[in-house]
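Student: Predicted model, plus sequence, below.
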Amino acid sequence: MTELRVSNRTLVAVNEALRKRVKRFSERLEKATTTAVEKVVHQSSKEKRIITPEMRLCVLDLARHGVPMDHIAAVILAVADAVGIQLEDAPCPRSCRRIVKEGGVLSNLHTMDLINHAESLTISGDGTSYKNLNYEVKHVTLTDYLADPTLPEADRKRTMLVALENTASHTSEAQLASWEGLVHGMHTIYNESPLGLENPQDTRTFYTKACGMLSDHAPDQTKTCRLFMEKRDKVDLELRGEAVLKKLGGPELVQFVAELTQESIQLAGGITAWEALSNEEQTRRSEKVETAMILRVGKEAFDKLPPEEQKDSRRFVWGGCAMHKEVNAAKGAFAALAITWPENDHVGPIVLFNKDNAAAAKGSDPSLKARAEKLSGRGGVKLVELMGMLLNNSNKKLGQQDMHSIYFEEREHLGRLVRFPDISNNRYGSHGYGAAEVLTHLPVYIEFMQFIKAHKGSGLFTNLEQNIFDALHDLPTRSELGAMTIYSQCLGIPYMVIVRGEIQNQLDLPPIHAKVKAFCKKVIDNPRIPLDEGYETASLNGKQYLRPDAMYAVIGLSPTLPLVEECIKATFKGALETWERFTEDERSAQREGLTKDQKMKHFLRSANDHSEGGAGTTKRAKQRAPNASMEFIDSKSRWTRNSPKEWVKMKEKETPGLMKYAMDSVRVSDANGDSKRKRQEIAGQAKEIANTHTQKRVKTKARRDEKQKELDACIPIADPARLKVFRNADLDLQIDWHRAQEKELTGAFETPSHSSLGNRAKKTAALMAAVTRRHELVKSGKLLEFYTPPEETDDEQDPGGDEMELEMDQEDDTEIVGYGG
């Protein structure tokens, strides 16, 4: 019994201990749960008074989606409250702006990492101006052309925004300098980061990987491409020369140094002159000679390469944006409409005078009327522009855009809001869209114009509205609108669809351009094709028109449209001439014989939309935040465009300290006042440009004054027969005198410039014709005499002037040449 009692007490004690333990566990669990919930519910954006990396990425995401810096904290707190989290604090606007700049540093590291792993790259860019400052956008397109060929092309290339910056000048030299500064800055940031400390990169590798450039067709862009090629070739020779020198043995290296020293001394003028130089000057000259010798060694190594390898190494392909080709082709097509009417001896579209020219045209002076008509526009393009001003004005306070929308919505056959195409801004195909819109709803637009007039208290049209109303009723103007619509629907829009979707590589476009030219020739031979045949044969890509209703409207109106076939023919003829001119880059020697892998290596996007869009983004950003620094706008744009968030999260795990480096880099930049320094540099460059222009104007004025003195001293020869014995210099002076007189008398030059005439015979013939014309003016009474000496001021008169005039009036056998000597 005693043992049982002891055992029972033991069991009771154990059970009690277990019960208390269970109770304590339950209490601990509840406490731990409460603590965990509190930790989740009560959060802070900072850790040890520093904003956490997760919160920094959150700020960058919100900025990417357009949340203003002053509202980011409010958005974070509102979202946290909605999910039941009590956030103690949120980043202030100043911290948010700094975090966005950190995003620019991280985006830079991301881009550099991709460049390091890319097989090749091509560059592209564009520029715009806003408030008298130049803004440039720069992209690089990276390709892994040696990657797995089974991968789709989309996975083997990527376009990265590398800079949004303002510059003082947009010259080719300034653009090259901007690229050089950008490449140097990117590599500096990378090499100072934890990634660069592990794997530093040479700035010159960027140039060796660069193998193409995409831009618009402006002359400054082709020159920039040439300058970039020269820079790239020089870097290539430097690297080849350095590679050769690294392989040299001891004796050969000693010989190279001896040659370097000897050449430096010879260039200085001998050993005495060399020793007289300072150490800094000796070093500078030695480095210059060393670079030249390295380039020479590199050139020798390059010349030893097989011809095919040399050609491939030097290949740098330039491509013009396909969308710029189309917009210029459309411009050429529509401009050709103007000559259709006089060529066919038919009355053309009515003249659309502006307010001032309309008053001059109604006057009695025929010369003023002719001038007003010459300066005024007419036709389909002018009508579309005027309707754009009225119905979709770039100044939203002007025009009838909102009334136009709700009026069309009220129409039973439409029943929807209508927005007239944006003609005021540069939009691809906008004039073609506008012509299609006008013809599709022609009766409604006439009705709407009448409504505008009736809605006013005065019941009168403005000059702009009157022009539109008259042009809508003008049949030749309708013919031009029809031709514009047909070109846009049959060729312009299908081409844009192809280059923006089906074909991504500029180097694959030549067959498409050949098809475009063949299509133009087909329509020129038979302009009835768009009117009589379906889209399967009347459209470039054989697909349905973007606006079939517009084509039906043109076809329905065509019997009433004068010379509609001739207008269609002229439109496609003008387009063909422009397409021929703007596809000359495809015949470049750099593009000959490219294989599929080489096309991938030199990949150029079909269109430069990414750079065009970047320029527009910059302008809109400056409009929304005029005081925002370009560093802030650039950083925000690159984080938004390049999407480096996942890369940053991965690299932060692999290489801790990456985000801390970005923080430190931005703080050092702000402390050094880099933004202000860059603005001061731009101001300094602008002053230099202004001084250069001033000096040029002074020199130009001096040359003009000197030339005017020569002309004032020149005595023209009235006898054409005497001109045959003149020297070239004297003929030039006589021609310049007649041209100056013609400009003063009629406002135009009838005599060609002496530089355009070339040889002596042509100059003599032109001068004799000018003398004859001046004699005819004297006979007709428009001139009192062939030559009137310039009046002299009192202080310039020569005491013997009367006698000199008397001598000049006397006829003698002395030949008067040039200055009358």
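Tutor: Nice, I can see it.

Student: Sketch out the helices for the stretch 701-821 of the chain, chain order is fine.
Tutor: Per DSSP state H, counting those that start in this stretch, the stretch 701-821 of the chain carries helices over the ranges 728-746, 754-757, 760-780, 801-809.

Student: Figure out the helix or strand that the residue most central in space within the chain lives in.
Tutor: Closest to where the C-alpha atoms of the chain average out (C-alpha atoms, centre = their mean) is residue 126, at 3.0 Å. Here residue 126 sits within strand 120-130, counting by DSSP states H and E.

Student: ok, then the element right after that strand?
Tutor: Following strand 120-130 toward the C-terminus (DSSP H and E): strand 133-143.

Student: Partner strands of that following strand and their direction?
Tutor: Strand 133-143 pairs in its sheet with strand 120-130 (antiparallel), strand 157-167 (antiparallel), by DSSP bridges.

Student: Next one, pLDDT for residue 489 please.
Tutor: Residue 489 is assigned 94 on the pLDDT scale.

Student: List the residues that contact it.
Tutor: Counting by C-beta atoms under 8 Å, 6 or more residues apart in numbering, residue 489 makes contact with 432, 436, 539, 545-547, 550-551. (Each C-beta comes from the backbone N, C-alpha and C, glycine too.)

Student: if you set the cut-off to 10 Å instead, what comes out?
Tutor: Going by C-beta atoms under 10 Å, 6 or more residues apart in numbering, residue 489 touches 429, 432-433, 435-436, 530, 535, 538-540, 544-548, 550-551, 554.

Student: Select only the buried ones of those in ChimeraX?
Tutor: Restricted to buried positions by 16 or more other C-beta atoms under 10 Å, the ChimeraX selection for the contacts of residue 489 reads:
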select :429,432,433,435,436,530,535,538,539,540,545,546,547,550,551,554
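
Student: out of the contacts of residue 489, which are inside helices?
Tutor: Among the contacts of residue 489, the members falling in helices (DSSP state H) are 432-433, 435-436, 530, 535, 538, 548, 550-551, 554.

Student: which of the residues you listed lies closest to residue 300?
Tutor: Within the ones in helices among the contacts of residue 489, proximity to residue 300 (C-beta to C-beta) peaks at residue 432, which comes in at 56.5 Å.

Student: contacting residues for the residue nearest to that closest one when sequence neighbours are not counted?
Tutor: Using C-beta to C-beta, 6 or more residues apart in numbering and skipping the chain neighbours, the partner closest in space to residue 432 is residue 488 (2.6 Å). By C-beta under 10 Å, 6+ apart, the contact set of residue 488 is 330, 333-334, 429-436, 494, 496, 545-547, 550, 571.

Student: where does the stretch 201-350 of the chain have low pLDDT?
Tutor: 249-250, 252-254, 256, 260, 268 (pLDDT under 70).

Student: Going by residue numbers, what spans are helices in the stretch 151-300 of the chain?
Tutor: Applying DSSP H, counting those that start in this stretch to the stretch 151-300 of the chain gives helices spanning 172-191, 194-198, 204-209, 219-246, 250-268, 271-276, 279-303.

Student: all helices for the stretch 551-700 of the chain, in order.
Tutor: Under DSSP H, counting those that start in this stretch, the stretch 551-700 of the chain gives helices at 564-582, 596-601, 609-624, 630-642, 645-654, 658-672, 674-713.

Student: by contact count, what packs against the fourth one?
Tutor: Using 3 or more C-beta pairs under 10 Å, 6 or more residues apart in numbering; DSSP states H and E as the contact criterion, the neighbours of helix 630-642 among helices and strands are helix 53-64, helix 93-117, strand 133-143, strand 157-167, helix 609-624, helix 658-672, helix 674-713.

Student: likewise the longest one?
Tutor: On a contact count with 3+ C-beta pairs under 10 Å, 6+ apart, helix 674-713 meets strand 133-143, strand 157-167, helix 630-642, helix 658-672, helix 728-746.

Student: Of the ones you listed, which is nearest residue 422?
Tutor: Taking C-beta to C-beta, strand 133-143 is the member of those nearest to residue 422, at 20.9 Å.

Student: wait, doesn't residue 160 sit right on residue 644?
Tutor: Yes - here residue 160 reaches residue 644: they are 9.4 Å apart, a contact under C-beta atoms under 10 Å.

Student: hey, what's in contact with both of these two?
Tutor: Jointly contacting residue 160 and residue 644 under the rule C-beta under 10 Å, 6+ apart are 107-108, 110-111, 114, 638.

Student: can you list those residues in TSV and add distance to residue 95?
Tutor: Output for the shared contacts of residue 160 and residue 644, formatted as TSV (distance: C-beta to C-beta, whole Å):
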residue	distance to residue 95
107	19
108	20
110	22
111	25
114	29
638	19
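
Student: tell me which residues of stretch 430-448 are tucked away?
Tutor: 430-442, 444-445, 448.

Student: returning to what we had before: pull the contacting residues for the residue nearest to the centre of the chain.
Tutor: By C-beta under 10 Å, 6+ apart, the neighbours of residue 126 are 135-139, 214-216, 218, 221, 321, 608-616, 618.

Student: Just name the most buried of the helices of the stretch 701-821 of the chain.
Tutor: Highest mean neighbour count among the helices of the stretch 701-821 of the chain (mean count of other C-beta atoms under 10 Å): helix 728-746, with a mean of 17.

Student: Which strands and helices lie in contact with that one?
Tutor: Going by 3+ C-beta pairs under 10 Å, 6+ apart, helix 728-746 lies up against helix 674-713, helix 754-757, helix 760-780.

Student: looking at the helices of the stretch 551-700 of the chain, which is closest to residue 2?
Tutor: Residue 2 lies closest to helix 645-654 among these, at 67.5 Å (C-beta to C-beta).

Student: bridging residues for residue 130?
Tutor: Per DSSP bridges, the residues bridged to residue 130 are residue 133.

Student: Pull the contacting residues for it.
Tutor: Counting by C-beta under 10 Å, 6+ apart, residue 130 makes contact with 166, 615, 618-623.

Student: what about 8 Å?
Tutor: 618-619, 622.

Student: To residue 715, which of the helices and strands packed on helix 674-713 lies closest?
Tutor: Closest approach to residue 715 among the helices and strands packed on helix 674-713 (C-beta to C-beta): helix 728-746, 8.8 Å.

Student: distance of residue 569 from residue 115?
Tutor: Taking C-beta to C-beta, to the nearest Å as the measure, residue 569 falls 50 Å from residue 115.
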